[in-house]
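Trainee: predicted coordinates and the sequence they were generated for:
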Number of protein chains: 2
Amino acid sequence: MSEKLIQSVMRATEIMELFLGQQKELSVKEISEGLGLSKSTVHGIIKTLVYKGYLYQSGENAKYQLGMKLFELGNVVGSQLDITYISRPVIKKLGEQLGETIHLVAYVQGEAVYVEKLEGSHSLRIYSQVGKRAPLHCTGVGKAILAFLPAEEREEIIDQLSMERYTIKTVVDKAELKKQLAEVRRHLFAMDDEEIEIGLKCVASPIFNHQGKVVASISCAIPTVRFSNDRQQAIIQGIKEAAEAISAAIGYRRENT
Amino acid sequence: MSEKLIQSVMRATEIMELFLGQQKELSVKEISEGLGLSKSTVHGIIKTLVYKGYLYQSGENAKYQLGMKLFELGNVVGSQLDITYISRPVIKKLGEQLGETIHLVAYVQGEAVYVEKLEGSHSLRIYSQVGKRAPLHCTGVGKAILAFLPAEEREEIIDQLSMERYTIKTVVDKAELKKQLAEVRRHLFAMDDEEIEIGLKCVASPIFNHQGKVVASISCAIPTVRFSNDRQQAIIQGIKEAAEAISAAIGYRRENT
DNA sequence: TATAACATTCGTTATTGTCGAACGATGTTC
DNA sequence: GAACATCGTTCGACAATAACGAATGTTATA
């Protein structure tokens, strides 16, 4: 692929993506230093982005933040993911039943993306944000999807995985991951046993469309302290049923694998 | 303001905004014709946007659609609007109580934007989309906000309003609008009486922050056929109470105007 | 298999974006 | 309250870069 990318467009996107870091507001200086560009170059691009509503200059200090145009465009994308709309009642019911945080991850455009989050009734918060990508090798939702991708696509993705380590328990060996995925296929659910955060477990199950392809997964995240053996069975059961309900709602019939 | 905007960045944003129209997918040809640019120019920009995840080329046909990066950025913006998070339980309760569509509109970055929508239990759908701007002169939510803006800001905004007509009942006279706004201030709620769509009425009430500034509004949209006199009172009451509850939750105290 | 329609690449040119420096506004320190 | 520092903004010149039209792949269709 010949890489003939438009420089100023690249820079514009890089500027917007700086706001994916911790900070809500950034100054011209911070941006120009962050990207290693001159202030005037950055200023020209920023001015254009502000003019179009992609950035906003707050009145108080002169700093910049992300603009409402991105909210608008993001919501258009979200509204086109009709799985969220279909899943909502199922998720709501499951959330009430389990009282823990439920996540819905969609596999779209070759990425596993959190598209819906229902916070549990307990106060302990799980780090996650709708719109972010789920790591495939160390989350329940990721493994549930990965396990059921077509073999060829799956192998290719695993080949390219960076297997980043998040905790002491993160599986960073690809052979081990493949063994786990075979288990996921047998039992129709995936586990994350403190692999992304110590103290946090996850149970996830895949969602299939009318063609029998995985298009999403749903999970329940539970602090280890509340993850008794008794509850485990109930949670696995609940997640699997919810996944099946959503699969059915989008047209999956078990017969046609 | 000296207009020294970066051409290719402008064009990149214009390309993305073409997808705000009806169509989910567009071809290079459609885009280049839509913007009056050569295919190769458009192609270069698109390639860059695809590379960065702002557009996505579907495998089936070679057409393009909006990418997940926009979903991610949009959700960051959404998560920074903490009013949605605070309002959610109130909206949920109100929705159950009234059984009609509830909207939350935030006044951010100088715009009134739909940030939350709860569909009513009845099947009749209201046109609205989270992320879109609410017209200020002919929606309940718009008038509720406009009425309580500082006089100077309000006058300036009204001066610049285009007063677009949506229905036969849309108020297109600025003097008449100002009279209505005075009423809104007296009664603490705004009405939209089929001004944006025939057959649809709306009751809205403003939400204030800890400084006593309007920052949002909440509304209930009801098909005219279900808008009896009896219900009207209940709805106005419910909306006003909900607005007050949200205002209180974000720190507004009635004393400090 | 031939044709058409469209996506993609190539090569040239002038336009356009970039940079450094200067300017202006804001706020801070003594 | 004046001098200074800091940062956002504008300016002007130069060179890189993005734009275009033409050529080439690629895919679908008759």
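Mentor: Thanks, I have it. As the structure is a computational prediction, the values presented were derived from the model and not from experiment.
Trainee: next up, the contacts around A:Glu25.
Mentor: With contact taken as C-beta atoms under 8 Å, 6 or more residues apart in numbering or on different chains, A:Glu25 is in contact with A:58, A:61, A:63-65. Backbone N, C-alpha and C define where each C-beta goes, glycine included.
Trainee: so where's the stretch 101-250 of chain A shaky on pLDDT?
Mentor: A:122-127 (pLDDT under 70).
Trainee: stretch A:46-54 near DNA strand C at all?
Mentor: No - Stretch A:46-54 stays clear of DNA strand C (C-beta under 7 Å from any atom of the strand), getting no nearer than 8.6 Å.
Trainee: weed out the non-buried ones from the contacts of A:Glu25.
Mentor: Members of those that pass the buried threshold by neighbour count (16 or more other C-beta atoms under 10 Å in any protein chain shown) are listed as A:63-65.
Trainee: which ones, among the residues you listed, also lie beside DNA strand D?
Mentor: The subset of these within reach of DNA strand D, by C-beta under 7 Å from any atom of the strand, is A:Lys63.
Trainee: and of the buried ones among the contacts of A:Glu25, the nearest to chain B?
Mentor: Checking the buried ones among the contacts of A:Glu25 against chain B by C-beta to the nearest C-beta gives A:Gln65 as the nearest, at 7.7 Å.
Trainee: check which helices and strands the host helix or strand of that closest one is in contact with.
Mentor: Using DSSP states H and E, A:Gln65 falls within strand A:64-66. Applying 3 or more C-beta pairs under 8 Å, 6 or more residues apart in numbering or on different chains; DSSP states H and E, one finds that strand A:64-66 contacts strand A:55-57, helix B:68-80.
Trainee: any idea which of the buried ones among the contacts of A:Glu25 the model trusts least?
Mentor: When the buried ones among the contacts of A:Glu25 are compared by pLDDT, A:Lys63 scores lowest at 86.
Trainee: how close does that residue get to B:Lys213?
Mentor: In this view, A:Lys63 and B:Lys213 are 20 Å apart by C-beta to C-beta, to the nearest Å.
Trainee: could you do A:Ser217 as well?
Mentor: 43 Å.
Trainee: biggest helix in chain A by residues?
Mentor: The helix that spans the most residues within chain A, counting by DSSP state H, is helix A:229-249.
Trainee: could you export that helix as CSV, CA atoms only?
Mentor: Extracted in CSV, the C-alpha atoms of helix A:229-249 (Å, rounded to 0.1, in the frame of the first residue of the first chain):
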residue,chain,number,x,y,z
ASN,A,229,-19.0,-20.4,43.4
ASP,A,230,-22.7,-20.2,43.8
ARG,A,231,-23.0,-16.9,41.9
GLN,A,232,-20.7,-18.1,39.2
GLN,A,233,-23.2,-20.6,37.9
ALA,A,234,-26.0,-18.1,38.0
ILE,A,235,-23.9,-15.5,36.2
ILE,A,236,-22.8,-17.9,33.5
GLN,A,237,-26.3,-19.0,33.0
GLY,A,238,-27.6,-15.5,32.9
ILE,A,239,-25.0,-14.2,30.4
LYS,A,240,-25.5,-17.2,28.1
GLU,A,241,-29.2,-16.8,28.1
ALA,A,242,-29.0,-13.1,27.4
ALA,A,243,-26.5,-13.7,24.5
GLU,A,244,-28.9,-16.3,23.1
ALA,A,245,-31.8,-13.9,23.4
ILE,A,246,-30.0,-11.2,21.5
SER,A,247,-28.8,-13.6,18.9
ALA,A,248,-32.3,-14.8,18.4
ALA,A,249,-33.5,-11.2,18.2
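Trainee: what's the domain layout of chain A?
Mentor: Annotated domains of chain A cover A:7-73, A:81-249 [automatic domain parsing].
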